[in-house]
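Student: The amino acid sequence is not available; the structure is as follows:
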């Protein structure tokens, strides 16, 4: 019987299509980070990302249209944040049913537009097509100074691991719809603290940390009593839940200590130390409250 | 009863969401052309476009996966051609069922990739999500020298109207799946002949010419016996059928005559004169074989 997508899984699928990239000198980093990195000019790279949201998978028919529009753009802006950049310009494709009310579509755009205005993003074009289920795809451009670019591949043993906020329970609480992308936090970090690796959390802390560990060829030790969790969330949901959209980053320990001091003395940003990068490539360990260390069993959100 | 999308129609819908663009100085031309035009550097603009293809609307489940992949990229490249530019880099979002075979997905990418290689396009990233029906969205960047940019808004009374090939019957013949985007023709035109307006034909000759007439504030007289039609096509399907993806352009009459002479003396490109721009804003007339002139009744493909 021919293999299907489910048997391959999301990342198996991504790996199997990587060979179709057709690389050109225009692309500095292709598939494998939160956004593609393209040549722009002497001092800057252009960032390019896309996210598709499908009714019944990423939001329900009952979710307020404004929040659906907000989320569709926010998850793209979050990808640009994860690279250390600033978003610039989006194109929006919408597949929708002829029976949908005009009001719903306007609310959708208004949610998107309010967030776009907040981050100085232009909605410059798009496509509207017929579809039984609502589908929204946004592609977003961004820019980053070359010296500020952060990939997933720079984490070093001894680096401290941080997140920008509490995790878990985002689906039931609705936070997955109305989260604020961490552009300001990311820009502060790349300007003053230079993270060695960064990404946004969309598949749980452990699920996404695994990508940094793989890309950087390192391991990690997480400390369970340091991991911030949302009201109603369990540690397990923080580790392997979905769609937190907080940033996860690593930073050399001297800078990390300064960042902890900085965080104590202000109320602007929240940077929470959750563990340390180790030299044990690919191994993610968790120290529990009793000091016992065991491997993290990652069962991230399965798209397929 | 609240108004629905169907009652508004595709272009009513696009108009109603134009106010959500959030313009910035970064965007030179936003919604309303085949691609958005962005600032790039002193000599060039960046082009940015996106197209969404949905199973059951733009292709059937029985269409060969390679052709579906080809079409998904080709209609984006066609948008870049319509602006006079060259494509550079794409991101690909795919919504697919877990039951789909890995072979199907690989064929899809392989069709896309073969076309990408031909036009020097990098596939730099993307998103894969779960969906009952197959959905493919590609966002594509391109570049164009400032002096070569062609919009829909530059047609002048007296300009000659041309198309790059025969029209009609593309759905039944399958041409809508395997067409070749007219990048070479567009680049030849912008380098040597400077069209005053250009776009690609995805809603029939008359349906799309209406966009140029509206954007340019002019009218047109088409000549029925000059309009090239595909085998099996009727004049009506050429005028109002869908998805030809030939270029439609206007050009001052002195250049137009040179272009006709050029076309006669070579076999490289086909540029076919089909009518003339008039001063009667918004009016599209058709001269039939007997010399009778009547208004073209545009019943373009209705997405909603």
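Tutor: The structure has been received and is ready for your questions. Quantities reported herein were computed from a predicted structural model and do not represent experimental measurements.

Student: My guess is residue A:35 contacts residue A:86. True?
Tutor: No: with contact defined as C-beta atoms under 8 Å, residue A:35 does not count as touching residue A:86 (11.8 Å). For glycine as for every other residue, the C-beta is placed from the backbone atoms N, C-alpha and C.

Student: which stretches of the stretch 51-200 of chain A form strands?
Tutor: Secondary structure of the stretch 51-200 of chain A, counting by DSSP state E, counting those that start in this stretch: strands at A:86-96, A:122-130, A:135-145, A:160-163, A:197-200.

Student: For the third one, buried residues please.
Tutor: Applying a neighbour-count criterion of 16 or more other C-beta atoms under 10 Å in any protein chain shown, the buried positions in strand A:135-145 are A:135, A:136, A:137, A:138, A:139, A:140, A:141, A:142, A:143, A:144.

Student: re the thing from before, intersection of neighbour lists for residue A:35 and residue A:86?
Tutor: Taking C-beta atoms under 8 Å, 6 or more residues apart in numbering or on different chains as the criterion, residue A:35 and residue A:86 both touch A:80, A:142.

Student: re the thing from before, and the buried residues of strand A:135-145, which is closest to residue A:236?
Tutor: residue A:136 (30.1 Å; C-beta to C-beta).

Student: quick one: contacts for the residue in the stretch 101-250 of chain A positioned nearest to chain B?
Tutor: Of all residues in the stretch 101-250 of chain A, residue A:139 sits closest to chain B, at 3.1 Å by C-beta to the nearest C-beta. Listed by C-beta under 8 Å, 6+ apart, the contact set of residue A:139 reads A:48, A:49, A:50, A:76, A:90, A:91, B:48, B:50, B:91, B:93, B:137, B:139.

Student: One more pass at 6 Å, please.
Tutor: The contact partners of residue A:139, by C-beta atoms under 6 Å, 6 or more residues apart in numbering or on different chains, come to A:50, A:91, B:50, B:91, B:139.

Student: Kindly report the same for residue A:59.
Tutor: With contact set as C-beta under 6 Å, 6+ apart, residue A:59 has these partners: residue A:68.

Student: okay, it: pLDDT?
Tutor: With respect to pLDDT, residue A:59 has a value of 93.

Student: Would you mind giving the strands of the stretch 51-200 of chain A as CSV with mean pLDDT and distance to residue B:122 added?
Tutor: Output for those, formatted as CSV (pLDDT from 0 to 100; distance: least, C-beta to C-beta, whole Å):
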stretch, mean pLDDT, distance to residue B:122
strand A:86-96, 97, 18
strand A:122-130, 94, 20
strand A:135-145, 98, 14
strand A:160-163, 98, 32
strand A:197-200, 97, 22
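
Student: Of these, which is nearest residue B:10?
Tutor: For the strands of the stretch 51-200 of chain A, proximity to residue B:10 was assessed by C-beta to C-beta; strand A:122-130 is nearest, at 6.1 Å.

Student: What is the neighbour count of residue A:148?
Tutor: The local packing count at residue A:148 equals 20, with neighbours defined by other C-beta atoms under 10 Å in any protein chain shown.

Student: Can you give me the distance of it to residue A:123?
Tutor: Here residue A:148 is placed at a distance of 25 Å from residue A:123 (C-beta to C-beta, to the nearest Å).

Student: same check, this time on residue A:175
Tutor: Computed with C-beta to C-beta, the distance linking residue A:175 and residue A:123 is 24 Å.

Student: neighbour count winner among those two?
Tutor: Neighbours of residue A:175 and residue A:123, each counted by other C-beta under 10 Å, are more numerous for residue A:123; the result is 27 against 21.

Student: who's in contact with the more buried one?
Tutor: Residues counted as contacts of residue A:123 (C-beta under 6 Å, 6+ apart) are A:90, A:92, A:116, B:21, B:22.

Student: Can you tell me which of these is closest to residue B:215?
Tutor: Ranked by distance to residue B:215 (C-beta to C-beta), the contacts of residue A:123 are led by residue B:21 at 16.5 Å.

Student: Quick check, the closest one in contact with residue B:32.
Tutor: No: under the criterion of C-beta atoms under 6 Å, residue B:21 lies out of contact with residue B:32, with a separation of 10.0 Å.

Student: picking up where we left off before, which pair of the contacts of residue A:123 spans the longest distance?
Tutor: The most distant members of the contacts of residue A:123, if one measures by C-beta to C-beta, are A:92 and B:22, lying 11.4 Å apart.

Student: out of the two, which sits in the busier spot?
Tutor: Under the neighbour definition other C-beta under 10 Å, residue A:92 and residue B:22 were set side by side, and residue A:92 has more, 29 against 22.

Student: My read is that the more buried one contacts residue A:125, right?
Tutor: No: distance between residue A:92 and residue A:125: 7.8 Å, which falls outside the contact criterion (C-beta under 6 Å).

Student: distance of the spatially most central residue of chain A from residue B:78?
Tutor: Among the residues of chain A, the one closest to the centroid is residue A:200, at 2.5 Å (C-alpha atoms, centre = their mean). Counting by C-beta to C-beta, the separation of residue A:200 from residue B:78 is 33 Å.
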